[in-house]
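K.L.:
Provide a 3D model corresponding to the input given below.
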Amino acid sequence: MAGHGSRGCGNCKIQEDKGMKYIDREGNITTEDSGQDRFLRWMYNHRTGRMALKILVQPVVSKAGGWLLDSRCSRVLIKPFVKRQGISLDLYERKKYASYNDFFTRQIKKEYRPAEGDADTLISPCDGKLSVYPIDGKRRFSIKGTEYTVDSLLRSGHIARRYQGGYACIFRLTVDDYHRYCYVDNGRKSMNIRIPGVFHTVNPAANEVCPIYKENTREFSLLQSEHFKVVLMMEVGALLVGRITNYHEEQTVKKGEEKGRFEFGGSTVILLFQKDAVKFDRRFLYNTENGYETIVKMGERLGEAADKE
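P.N.:
Below you'll find the predicted structure:
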């Protein structure tokens with residue numbers, strides 16, 4: 001693995017005036033500026049927020065936050081969250097939640113996330129807001145407020161070069177999304193590689209220009225798939241108390257099989273595809289080119305194998 005010198009520019013300043021633009025499969029457009037987005041902009045871009053963030057990312061504070069969300073007393077947070085987000089609990093397996101995190105990782109009923117298409121159909125691994133980008137050496141992706149190249153995302157130029165000329169799929173999960181994810185094809189999965197997060201404040205009391213450098217903790221593995229060549233699968237956790245739980249190390253896996261889950265916090269799933277591995281449905285590329293994220297659900301068709309006859 002490459003060392004820290006391979007990182008891209010992590011100086012981040014989240015834009016003050018932009019809401020997120022979403023489009024669903026029926027073409028309905030929504031512009032949204034969520035409370036989570038506003039909170040993060042305040043945290044990253046303002047003096048008081050940066051000072052608070054420097055305290056919040058301390059290991060003892062992060063661990064305390066995780067302990068609280070795992071505790072029985074955190075159950076009082078569930079009902080207000082369900083009401084505020086308009087979540088229908090009828091879609092999920094019935095159970096009594098032991099904590100807020102137990103609720104956050106709730107299991108959806110299988111009939112509500114079927115895998116569309118046939119064996120060589122590419123499906124979404126998760127619920128989220130999708131952007132699809134061609135990969136070239138200069139392409140930068142914004143993930144959780146930090147800009148990466150494929151090299152800096154993986155901290156490995158060797159692995160990154162395998163995906164030149166291919167595509168990057170970035171699925172952004174917000175707190176109201178289903179936070180479990182699955183495999184997109186049958187195949188042989190590699191071991192998991194974990195990349196620790198980085199947080200550094202240049203000066204918490206400074207003005208807005210380049211106030212912080214941060215990278216979120218992330219984990220990736222390679223899938224030698226039956227239909228899409230070697231797919232790189234990555235999960236990116238939340239900055240503070242988010243946790244990534246992947247169930248498997250090196251083994252054979254099945255399309256649609258649950259791969260893992262995120263605990264509290266907005267999260268991101270990334271898929272990298274090699275050149276000539278997949279042919280995406282045109283709407284995903286068109287929407288991304290025009291500044292829209294496409295709302296998708298786990299199991300939804302994204303495209304098909306490039307060599308499909």
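K.L.:
what pLDDT does residue 1 get?
P.N.:
Reading off the confidence values, residue 1 has pLDDT 40.
K.L.:
what residues does stretch 87-107 touch?
P.N.:
Residues outside stretch 87-107 that contact it (Cβ atoms under 8 Å, 6 or more residues apart in numbering): 69-72, 74-75, 77-78, 81-82, 108-109, 112, 176, 179-180, 261-264. For every residue, glycine as well, the C-beta is placed using N, CA and C.
K.L.:
rerun that using 10 Å as the cut-off
P.N.:
Stretch 87-107 has contacts (Cβ atoms under 10 Å, 6 or more residues apart in numbering) with 66-79, 81-82, 108-113, 175-176, 178-180, 241-243, 245, 258, 261-265.
K.L.:
ok, now stretch 71-80?
P.N.:
If you take Cβ under 10 Å, 6+ apart as the criterion, stretch 71-80 is touched by 67-69, 87, 89, 96-104, 106, 264.
K.L.:
how does it look with 6 Å?
P.N.:
Applying Cβ atoms under 6 Å, 6 or more residues apart in numbering, the contact partners of stretch 71-80 are 68, 99-100, 103.
K.L.:
now stretch 283-294
P.N.:
21-23, 129-132.
K.L.:
quick one: contacts for residue 232?
P.N.:
By Cβ under 6 Å, 6+ apart, the neighbours of residue 232 are 220, 222, 272.
K.L.:
circling back: out of the contacts of stretch 283-294, which sit inside strands?
P.N.:
Using DSSP state E, 21-23, 129-132 are the members of those that sit in strands.
K.L.:
Give me the buried subset of those.
P.N.:
By neighbour count, with 16 or more other Cβ atoms under 10 Å, those hold 22-23, 129-132 as buried.
K.L.:
on that earlier part again, for ChimeraX, what selects the buried ones among the contacts of residue 232?
P.N.:
A single ChimeraX command selects the buried members of the contacts of residue 232 (16+ other Cβ under 10 Å):
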select :220,222,272
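K.L.:
from the contacts of residue 232, which is closest to residue 254?
P.N.:
Closest approach to residue 254 among the contacts of residue 232 (Cβ to Cβ): residue 222, at 16.5 Å.
K.L.:
With adjacent residues omitted, what lies nearest to the closest one?
P.N.:
Leaving out its chain neighbours, the residue that sits closest to residue 222 by Cβ to Cβ, 6 or more residues apart in numbering is residue 190, at 4.3 Å.
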